[in-house]
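[1] Just a sequence and a predicted model for now, questions to come.
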Amino acid sequence: MVISGSLPVGLAVNAAGVLAATLGRRVEALVGPDVVDGSGERHAGLVRIPIPVLKADEEAIKSVRVRAAALEDLLVVDVTETAQSSRTYEEYEDRMASTRGDGLGYLGVALYGEKRAVNKLTGSLPLLR
C-alpha cells in the first residue's frame, strides 16, 4: 500500500482504510477466520499477510498505479482526490464518469499479487511514518 506523504494524518489513515476495506472484499482469503482468546472471547479475523504502508508523492503513486495496471496478475486498488472529496458514492460515481484518467490525482494505491511483482514496483519507497 502506498499513501501520499503530503496528506494530513487523518486523510492518510482514511485513504489506507478505504484501500484495506476494498482489498478485504476483493481478495477472499485475505482475512483469516475469527479467533478465540484464552478467556473464550471471540475476536474478528484479521488479514493473513503483512500490509506495509509506504509513502510517495502523488506523481510516484500515479506511476506505480499505471505500471501495476499494465500487469495482468496484480489487483490494483486506488483512491483518488475525487474519491476523498466526494460526499456520497453517487457524487463520486458522477465525478469519476466526467473525469479523464489523466486528470485524476492519486492519493493512494494498494497492490495485491505475486510478491516479486509488487516489490519491483514499490521496493524503493520508504515506510509511511
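    Received it, and whenever you're ready, just let me know what you need. Residues are numbered from 1 along each chain as shown.
[2] from here on, contacts and neighbour counts on C-alpha atoms
    Noted.
[3] Tell me how far the spatially most distant residue from the centre of the chain lies from Pro33.
    Distance from the C-alpha centroid of the chain, by C-alpha atoms, centre = their mean, peaks at Ser39 (34.5 Å). From Ser39 across to Pro33, the span is 18 Å (C-alpha to C-alpha, to the nearest Å).
[4] Check Leu127 too.
    Taking C-alpha to C-alpha, one finds Leu127 at 28 Å from Pro33.
[5] Report the separation between Ala12 and His43.
    In terms of C-alpha to C-alpha, Ala12 sits 26 Å off from His43.
[6] what's near enough to touch the residue farthest from the centre of the chain?
    Going by C-alpha atoms under 8 Å, 6 or more residues apart in numbering, Ser39 touches no other residue.
[7] For it, what are phi and psi?
    Main-chain torsions, Ser39, degrees, to the nearest 10: phi -90, psi 0.
[8] Can you name the residues that contact the nearest residue to Val31 once chain neighbours are set aside?
    Nearest residue to Val31, sequence neighbours excluded (C-alpha to C-alpha, 6 or more residues apart in numbering): Val47, at 4.2 Å. Neighbour list for Val47: Gly24, Leu30, Val31, Gly32 [criterion: C-alpha under 8 Å, 6+ apart].
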